[in-house]
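Q: Generate coordinates for the sequence data below:
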Amino acid sequence: MLKPLPHLGRRCRECVTLPRGFFAVLVLALYSGLAFPVDRETQTWITANASAPLGEVQRVSMRYRSRYSEVLGDQRLQQYQLMGAYRMSNGVTAAMGIEFFRADSGTVERRLIPELRWGTSLWDLALKHRLRLEHRDLTAFADPVYRLRYQLTHERPLADTGAYLVVGDEILVSLSEETGLLDRGLNQNRLGGGLGYRVTPSTKLELGYQWIYVDSGPIARADHILQLNLNLALP
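A: Presented below is the predicted three-dimensional model:
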């Protein structure tokens, strides 16, 4: 079974302590060179996640996500994900997954997503990191395109109430370029937070907000995303 990150207030003994200036440099990198957004959209994302152990260090997970325009308006996109993960002796988890997207417009996307996950500590904060490389096969492009994603999150329990706060940021870097459609380089940032509640030892419900900045074409965009997540993790 995968070992969770330690409770807030305890320094993560198995994690790497990063220098304080690391996160200042990261924040500057997130926003440097981004154009001023000229278009905005509101969406609702509803996500169900389920995972189960396959052994002491292996785990399999599934995800279904549905995206809607505005607040539960018309359905825009459906996402399916299947992933297997293996926790190595140094505490790093290596995972491999596949994703399938279908938009209401008929556009289809398939992804192959290898990723690494690990934990670090900053003062008494337990931080989670995820680094993912995406192989994206879209009907809109003649050839596959590639994208690199880095996500940083922190979960803060609220006393012994079962509730917790979660905050995070993710940057997306395009490694491919399609003339007039996709530019190479840093083109998306996802900053968000929310409130979660542990309904049972294996079930969590989260309500959150995410601000997504997209600058991958001729017009930049800043989207407001309302999120509802149901997470089921079997022991």
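Q: residue ranges of the strands in the protein, please?
A: Ranges of strands in the chain, per DSSP state E, are 16-17, 39-53, 58-69, 75-87, 93-103, 108-122, 125-138, 145-157, 163-174, 185-200, 203-214, 221-233.
Q: want to throw the ones you listed into JSON lines with mean neighbour count and mean pLDDT?
A: Quick note: C-beta positions are derived from backbone N, CA and C, even for glycine. Shown next, in JSON lines, are the strands of the chain (neighbours: other C-beta atoms under 10 Å; pLDDT from 0 to 100):
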{"stretch": "strand 16-17", "mean neighbour count": "12", "mean pLDDT": "50"}
{"stretch": "strand 39-53", "mean neighbour count": "15", "mean pLDDT": "95"}
{"stretch": "strand 58-69", "mean neighbour count": "16", "mean pLDDT": "97"}
{"stretch": "strand 75-87", "mean neighbour count": "16", "mean pLDDT": "97"}
{"stretch": "strand 93-103", "mean neighbour count": "16", "mean pLDDT": "97"}
{"stretch": "strand 108-122", "mean neighbour count": "17", "mean pLDDT": "96"}
{"stretch": "strand 125-138", "mean neighbour count": "17", "mean pLDDT": "96"}
{"stretch": "strand 145-157", "mean neighbour count": "17", "mean pLDDT": "96"}
{"stretch": "strand 163-174", "mean neighbour count": "17", "mean pLDDT": "96"}
{"stretch": "strand 185-200", "mean neighbour count": "16", "mean pLDDT": "94"}
{"stretch": "strand 203-214", "mean neighbour count": "16", "mean pLDDT": "96"}
{"stretch": "strand 221-233", "mean neighbour count": "17", "mean pLDDT": "95"}
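Q: who's in contact with the most centrally placed residue in the chain?
A: Geometric centre of the chain, nearest residue: residue 151, 6.1 Å, by C-alpha atoms, centre = their mean. The contact partners of residue 151, by C-beta atoms under 8 Å, 6 or more residues apart in numbering, come to 128-130, 132, 168-170.
Q: quick one: it from residue 162, how far?
A: Distance of residue 151 to residue 162, computed by C-beta to C-beta, to the nearest Å: 25 Å.
Q: now swap in residue 55 and tell me
A: Counting by C-beta to C-beta - residue 55 and residue 162 are separated by 29 Å.
Q: So between those two, which is more surrounded?
A: Legend: neighbour count by other C-beta atoms under 10 Å for residue 55 and residue 162, higher for residue 162 (14 against 9).
Q: what's the nearest residue to that one if we skip its chain neighbours?
A: Closest residue in space to residue 162, ignoring its immediate chain neighbours: residue 198 at 4.5 Å, by C-beta to C-beta, 6 or more residues apart in numbering.
Q: that older thread, which one among the contacts of residue 151 gets closest to residue 102?
A: residue 132 (20.8 Å; C-beta to C-beta).
Q: What's opposite residue 135 in the beta bridge?
A: residue 112, residue 146 (DSSP bridges).
Q: Next up, the contacts around it.
A: Under the criterion of C-beta under 8 Å, 6+ apart, the neighbours of residue 135 are 111-113, 144, 146.
Q: tell me the two of those that are most distant?
A: Largest separation among those by C-beta to C-beta: 113 and 144, giving 12.8 Å.
Q: Nearest to residue 100 among the contacts of residue 151?
A: The closest of the contacts of residue 151 to residue 100 turns out to be residue 132 (C-beta to C-beta; 16.2 Å).
Q: What separation is there between the residue nearest to the closest one when sequence neighbours are not counted and residue 227?
A: Using C-beta to C-beta, 6+ apart and skipping residues adjacent in sequence, the residue nearest residue 132 is residue 115, 3.9 Å away. Separation of residue 115 from residue 227 (C-beta to C-beta): 20 Å.
Q: Fine, thanks again, bye for now.
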